[in-house]
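**Q** Next comes the sequence, and after it the predicted model I'd like to discuss.
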Amino acid sequence: MAIHWFPGHMNSTRNAINDRMKAGLDVVIELLDARLPGSSANPLLAKLTEGKPTLKLLNKQDLADPERTARWLAHYNAQPATRAIGLDASIVAPAKALIAACRDLAPLRGGMVKPMRVLICGIPNVGKSTLINTLAAKRAAKTGDEPGITKIEQKIVLAEDFYLFDTPGMLWPRISVEESGYNLAASGAISRNAFDEAEVALELLNYLRRDYTGRVEERYKLSDTAALSDEELLTAIGRKRGAMLSGGRVNLQKAAEVLMHEFRAGTLGAITLETPEEFVQWAAAGAKADALRKDKPNKRKQKAAQERALPEVEPE
């Protein structure tokens with residue numbers, strides 16, 4: 001599912017990041033969703049902040065599969081100039097861990113003469129505003145359950161020599177990794193107007209049935225589901241939850257909303273929708289598909305040029 005979604009304020013965010021880079025920056029913090037760390041890492045941000053030490057914060061780790069979170073942390077910590085730590089609502093002093101990790105990444109910065117300048121970024125609805133309010137111990141940023149709440153850059157002083165710059169959540173113009181599109185939509189990072197909820201719910205069901213066998217059956221009190229298709233299973237969930245239309249038909253849209261809401265809330269259990277190995281494969285396939293897509297216009301132009309260059313043959 002290739003998603004095109006780039007509201008105007010996200011273009012402003014890109015410009016703000018460029019300006020902040022020019023003004024001087026020591027560390028970039030990227031807040032990721034621990035349930036989909038690869039899919040929630042912004043490739044556009046990586047280009048904009050290339051060369052800067054990076055702290056990857058896997059947020060909402062309480063909702064994620066602990067074993068997979070450990071694998072993702074090891075994956076990022078093995079990369080140069082990169083640290084990764086997990087966060088969730090139960091951590092009472094996240095500012096201390098965050099500041100310490102940033103100082104490790106930029107040990108030559110600190111003190112009033114050379115205060116630490118840190119940029120925090122993340123996709124919409126990843127929990128960045130909630131984290132910042134916790135860090136600042138006050139309501140410094142607006143929060144909400146819809147993507148795109150923060151609209152302007154904010155400066156938060158976490159210590160006398162530690163300045164944190166917050167930017168609005170930003171997706172990239174074209175999500176070409178199909179699995180990432182589904183995972184981002186399932187997590188709530190993408191506006192519901194940009195995708196078909198039933199389609200996303202079916203993909204979510206397919207993954208849960210494969211990697212988290214029994215979770216769906218246990219939650220919705222279903223049995224003998226192995227022979228059911230994903231659509232039949234979603235229909236069964238809708239019937240269990242009373243998502244009915246006239247004539248005894250199931251409202252698949254409503255059933256999809258129920259499934260995704262319960263995934264986002266953690267009601268289905270601690271789930272992570274991708275492993276580092278899976279995401280590497282998905283990204284490679286997405287890059288290959290993108291290259292083919294970009295190459296098609298060139299091939300058409302070459303063919304047209306060749307046809308124009310062919311000598312005319314007079315009829316005998």
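**A** Looks like it arrived, so ask away.
**Q** Show the average pLDDT along stretch 169-186.
**A** Mean per-residue pLDDT for stretch 169-186: 87.
**Q** ditto for stretch 19-34
**A** Regarding stretch 19-34, the rounded mean pLDDT is 90.
**Q** Show me how far that stretch is from its chain's centre.
**A** Counting by C-alpha atoms, centre = their mean, to the nearest Å, stretch 19-34 is centred 16 Å from the centre of its parent chain.
**Q** how about that stretch: buried residues?
**A** If you call a residue buried by 16 or more other C-beta atoms under 10 Å, then stretch 19-34 has these buried ones: 20-21, 25-34. The C-beta positions use only the backbone N, C-alpha and C, and glycine is treated the same way.
**Q** One more: stretch 58-74?
**A** Within stretch 58-74, the residues that count as buried by 16+ other C-beta under 10 Å are 58-65, 68-69, 72-73.
**Q** so where is the stretch 151-300 of the chain shaky, pLDDT-wise?
**A** Of all residues in the stretch 151-300 of the chain, those with pLDDT under 70 make up the ranges 151-153, 296-300.
**Q** which stretches of it form strands?
**A** Shown for the stretch 151-300 of the chain, the strands assigned by DSSP state E, counting those that start in this stretch span residues 154-159, 162-166, 174-175.
**Q** Also the stretch 1-150 of the chain?
**A** Under DSSP E, counting those that start in this stretch, the stretch 1-150 of the chain gives strands at 3-4, 27-33, 54-59, 82-86, 116-122.
**Q** Can I get those strands in JSON lines including distance to Gly269?
**A** Shown next, in JSON lines, are the strands of the stretch 1-150 of the chain (distance: least, C-beta to C-beta, whole Å):
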{"stretch": "strand 3-4", "distance to Gly269": "27"}
{"stretch": "strand 27-33", "distance to Gly269": "16"}
{"stretch": "strand 54-59", "distance to Gly269": "18"}
{"stretch": "strand 82-86", "distance to Gly269": "17"}
{"stretch": "strand 116-122", "distance to Gly269": "24"}
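**Q** And for the nearest residue to Asp166 once chain neighbours are set aside, the neighbour number?
**A** Leaving aside its sequence neighbours, Asp166 sits nearest to Gln154 (C-beta to C-beta, 6 or more residues apart in numbering; 4.4 Å). Using other C-beta atoms under 10 Å, Gln154 has 18 neighbouring residues.
**Q** Might one say that Gln154 is in contact with Pro168?
**A** No. The criterion here is C-beta atoms under 8 Å, and Gln154 misses it with Pro168 at 9.5 Å.
**Q** got a pLDDT number for Pro66?
**A** The confidence metric pLDDT takes the value 97 at Pro66.
**Q** That one and Leu268, how far apart?
**A** Counting by C-beta to C-beta, to the nearest Å, the separation of Pro66 from Leu268 is 15 Å.
**Q** Pick out the residue closest to the middle of the protein.
**A** Ser40 (2.1 Å; C-alpha atoms, centre = their mean).
**Q** dump the residue contacts of it.
**A** 32-33, 122-123, 126, 184, 187, 189 (C-beta atoms under 8 Å, 6 or more residues apart in numbering).
**Q** Columns distance to Ser229 on top of these, output as a markdown table?
**A** Shown next, in a markdown table, are these (distance: C-beta to C-beta, whole Å):
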| residue | distance to Ser229 |
| --- | --- |
| Leu32 | 33 |
| Asp33 | 28 |
| Gly122 | 36 |
| Ile123 | 31 |
| Val126 | 32 |
| Leu184 | 24 |
| Ser187 | 24 |
| Ala189 | 27 |
